[in-house]
Structure formats: structure tokens, C-alpha cells
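S.K.: sequence unknown, structure follows:
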């Protein structure tokens, strides 16, 4: 799907319908909106974003969040706040997909980026 040009989106429905590991749906000068789906037993992968704050809004599923040295359970309705420079990882520990949408400030990925799987994301030369 190409990036959306609408300024109001049914984000919970878009997130629930998404099966891609990562899909950038909107990029502005100062922020970015991305859909993500993590399969059973999968994870986003430990990372640290320097110069980028990230908010992750969980729509479906159950998982474990690690932000810095803190680990906690996450589920639909939760938001995780990841300040710039903080190590983080999110794992799907439930059945079915862990679905979410996330915002980066400023943008983290190239506009229009799509990865069907985590392996696709790791193989993308544009990703760190």
C-alpha cells in the first residue's frame, strides 16, 4: 500500500487488518506513522534509536516489552513510550499476531517502506 494522503485514518482497523511486519503509512517532516504485526513467538528485535522518540500503541495480542532494564507485560490498549537513546524490544508471547501502530518523532524509515517479515526488514539495506 502506498502512503496515505488522508489526514484522518481508521488506525485501529488498519492495524487489525495488517499482517506485514512493517508498513509505513504516513511520513511528515517531524513524525511518522507505521503499522506493525509480530507473529507468534516473534519479536521486533532489540534496538536503540538515537535522536528518535517512539510510541507504540498495541491493538491486538499479548507480549513482553523490554524498555531499558524494565520488562513488563503488554496487551491491547497499552501504549509503550520509548525515549530517544533507550534500548527496547517487544516480543509476541500470545497466540495470533501482536498488532500495533507506532509513531516515530522524527521519522525513522524511508517513506513508503514495507516489509512482509522481520527477515525482509533485516535484509533491507535502507534499514540500520
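M.R.: Everything's here; your move. Predicted model, so just to flag it, every value in this text is computed and none were measured. Numbers count the residues shown, from 1 in each chain.
S.K.: quick one: pLDDT of the residue lying closest to residue 67 once chain neighbours are set aside?
M.R.: Counting by C-beta to C-beta, 6 or more residues apart in numbering, residue 88 is the residue found nearest to residue 67 once chain neighbours are left out, at 4.8 Å. Yep, even glycine has a C-beta here, placed from its N, CA and C like the rest. Looking at residue 88, its pLDDT reads 97.
S.K.: Kindly report the same for residue 58.
M.R.: If you check residue 58, the pLDDT there is 98.
S.K.: What is the strand or helix carrying it packed up against?
M.R.: Taking DSSP states H and E as the criterion, residue 58 maps to strand 53-60. Secondary-structure packing of strand 53-60 (3 or more C-beta pairs under 8 Å, 6 or more residues apart in numbering; DSSP states H and E): helix 11-17, strand 79-82, strand 98-105.
S.K.: first to last residue in stretch 86-106, what's the distance?
M.R.: Separation of the first and last residues of stretch 86-106 by C-alpha to C-alpha, to the nearest Å is 15 Å.
S.K.: scratch that, stretch 93-104 is what I was asking about
M.R.: Terminal residues of stretch 93-104 lie 24 Å apart, using C-alpha to C-alpha.
S.K.: got the buried residues for it?
M.R.: Buried positions in stretch 93-104, judged by neighbour count with 16 or more other C-beta atoms under 10 Å: 93, 94, 97, 98, 99, 100, 101, 102, 103, 104.
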